[in-house]
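A.B. asks: Sequence first, then the predicted structure:
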Amino acid sequence: MVSRRFLALWVLLALSVLPLFGQMQSSAKPKPHVIVVGVNGMELDIIRPLLLKGEMPNLAKVIKSGAYGKLRTVNAPNCPRVYSTMFTSTKPEEHGVTGFLVGGITANTNMLKEEPIWSVLSKNGVTVGMANVPATFPTMPVNGYMISGMLTRGKNCEDGVLCAPKLSEVEGGEPVYPASMKAELLKNVGDFYIDCERMPSAEQLRGHETEVIDSWLKKVELIRDQQTKLFDYLLANHPTDFTWMVQSCEDRTGHWLYPIAPYNVGYNAKINSVRPDAFPNQYIGFDKVLGAILKHVDDDTYLIIVSDHGIKPLREFEETDPHAHMDHEKTTPVIAKHDFADGDDVPGSFFAMGPGIKHDLRLMGFEASVYDIAPTVLHIYGLEQPKQMRGRVLTEIFEKSEEKVAQK
Ligand SMILES: [Zn+2]
């Protein structure tokens, strides 16, 4: 029988005022703990040799301890288009965020026409924390916190879609929910860059290739260090049931510094022979961030790593492809891209480990898709997927049916 006291506690839990009643936590069943780590464009072709060389020990550990494979993405994939598909498990045409620009305006959360996962979870009493997730600007109210990511508007964003405003330089909307948390972050984490650095233009590069490449990579390293500090601070000081954190420098580097030999479309020795290690180094850098996050992952935590798409070298006949060179700012001499008309050419990736998830399981083919992320997370919390969601629960990654739902 449910006692009056338990009912009262349940109401308190639902209202998320639990921290005030910390000593009572032990009498209530905690909700599952899920951390999603997103990478903007993880290319398995680049990852595999690094895994073999032992240069991504943390990702190797996750692979060994869980399930992994390709993640089918949408056609002509790009970051806002795919992340919004993951948020809502609906088609880009349905959720409304069809690309970087929608009707000439930079994609933003006010365009979302379908309910995102952070809202479904919040309504069901799950605490939510989101940091640097693309296309989450302006931030929306959640049962926890939200710090925006890629496509946040601010200083130096006037002439392009991508920019990297610092937290204090954001304009045109709130980068942090609740707004009161902004001062705390500035004090304890510092004035960090919200997104990865813009890519240099052909004009900036001309005649200064090595210098521009080196200083750009240094900035990328700084941004990653700041992001690591932010993630670590949030996981230590603001733990939430569900957390989603994303990095975006890998993709940005791959577009113009993909390590390919001559005879590829777009190859320019002045740029592409300077730092062939630059792009693989991004994933080695990512692995270190993952290591910092893993310190907050115990045996009862689900860790899911997702990438929205891969990235591949440009191909022959690019000049006649309507998607050619359309990535991001359109002014950078790119050598690789991801918005191929057929999304299966540049699949994303999926890694999961946690209580009841099979070990060392390889997902074959295109069974798992970006549409399946939200339903699978909801399932872990014992929540039915809303009717409009097109994905499915990835039941094959769980050991037993009764363990598909950890706690209810
Ligand atoms: Zn990209």
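C.D. replies: Right, received. Where do you want to start? What you are looking at is a predicted structure, and each value in this text was computed from that prediction instead of being measured. Numbering: from 1, shown residues only.

A.B. asks: all contacts plus neighbour counts: C-alpha atoms, from now on.
C.D. replies: Noted.

A.B. asks: tally of neighbours for the residue nearest to Gln282 when sequence neighbours are not counted?
C.D. replies: Nearest residue to Gln282, sequence neighbours excluded (C-alpha to C-alpha, 6 or more residues apart in numbering): Glu250, at 5.4 Å. Glu250 sits with 24 neighbouring residues when counted by other C-alpha atoms under 10 Å.

A.B. asks: low-confidence ranges in the stretch 201-350 of the chain?
C.D. replies: Low-confidence segments of the stretch 201-350 of the chain (pLDDT under 70): 317-330.

A.B. asks: what about the strands in it?
C.D. replies: Under the criterion DSSP state E, counting those that start in this stretch, the stretch 201-350 of the chain contains strands at 242-247, 301-307, 312-313, 336-337, 348-353.

A.B. asks: So the residue nearest to Gln282 is in contact with Tyr283, correct?
C.D. replies: Yes. Contact criterion C-alpha atoms under 8 Å: Glu250 and Tyr283 qualify, at 6.8 Å.

A.B. asks: can you give me the helices for the stretch 201-350 of the chain?
C.D. replies: For the stretch 201-350 of the chain, the helices defined by DSSP state H, counting those that start in this stretch occupy 202-205, 209-237, 249-257, 269-272, 278-294.

A.B. asks: Make CSV from the ones you listed and add distance to Gly382 to it.
C.D. replies: CSV is the format used below for the helices of the stretch 201-350 of the chain (distance: least, C-alpha to C-alpha, whole Å):
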stretch, distance to Gly382
helix 202-205, 51
helix 209-237, 23
helix 249-257, 34
helix 269-272, 49
helix 278-294, 24
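
A.B. asks: hey, which of those helices is tucked in deepest?
C.D. replies: When those are scored by mean count of other C-alpha atoms under 10 Å, the highest mean neighbour count falls to helix 249-257 (a mean of 25).

A.B. asks: okay, the angle between it and helix 209-237?
C.D. replies: In terms of direction (axes from the mean of the first three to the mean of the last three C-alpha atoms, to 10 degrees), helix 249-257 departs from helix 209-237 by 170 degrees.

A.B. asks: Please find the angle between the direction vectors of helix 249-257 and helix 278-294.
C.D. replies: Interaxial angle, helix 249-257 versus helix 278-294 (the same axes, to 10 degrees): 180 degrees.

A.B. asks: Gly129 pairs with what?
C.D. replies: On the basis of DSSP bridges, Gly129 is bridged to Tyr145, Thr243.

A.B. asks: Surely it touches Thr243?
C.D. replies: Yes. Using C-alpha under 8 Å, Gly129 makes contact with Thr243 at a distance of 4.6 Å.

A.B. asks: about what we covered before: most tightly packed of the strands of the stretch 201-350 of the chain?
C.D. replies: Mean neighbour count (mean count of other C-alpha under 10 Å) peaks for strand 336-337 among the strands of the stretch 201-350 of the chain, with a mean of 28.

A.B. asks: Go ahead and produce CSV holding the CA coordinates of stretch 379-395.
C.D. replies: Taking Å, rounded to 0.1, in the frame of the first residue of the first chain, the C-alpha atoms of stretch 379-395 are listed here in CSV:
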residue,chain,number,x,y,z
HIS,A,379,12.0,3.7,-22.8
ILE,A,380,14.8,3.6,-20.3
TYR,A,381,12.6,5.9,-18.2
GLY,A,382,9.6,3.7,-18.7
LEU,A,383,7.9,6.3,-20.8
GLU,A,384,5.7,5.5,-23.8
GLN,A,385,6.9,7.2,-27.0
PRO,A,386,4.5,9.9,-28.2
LYS,A,387,2.5,9.0,-31.3
GLN,A,388,4.2,11.4,-33.6
MET,A,389,7.6,9.8,-33.0
ARG,A,390,8.7,7.8,-36.0
GLY,A,391,11.6,5.8,-34.4
ARG,A,392,11.6,2.6,-32.4
VAL,A,393,13.1,1.4,-29.2
LEU,A,394,16.5,-0.3,-29.9
THR,A,395,15.4,-3.4,-28.0
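
A.B. asks: buried ones in stretch 105-118?
C.D. replies: For stretch 105-118, the neighbour count (16 or more other C-alpha atoms under 10 Å) marks Thr106, Ala107, Asn108, Thr109, Leu112, Glu114, Glu115, Pro116, Ile117, Trp118 as buried.

A.B. asks: Save these as CSV, and put in secondary structure and pLDDT too.
C.D. replies: Below are those laid out as CSV (DSSP: H, G, I helix; E, B strand; the rest coil; pLDDT from 0 to 100):
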residue, secondary structure, pLDDT
Thr106, strand, 91
Ala107, coil, 93
Asn108, coil, 95
Thr109, helix, 97
Leu112, coil, 97
Glu114, coil, 98
Glu115, coil, 98
Pro116, coil, 98
Ile117, helix, 98
Trp118, helix, 98
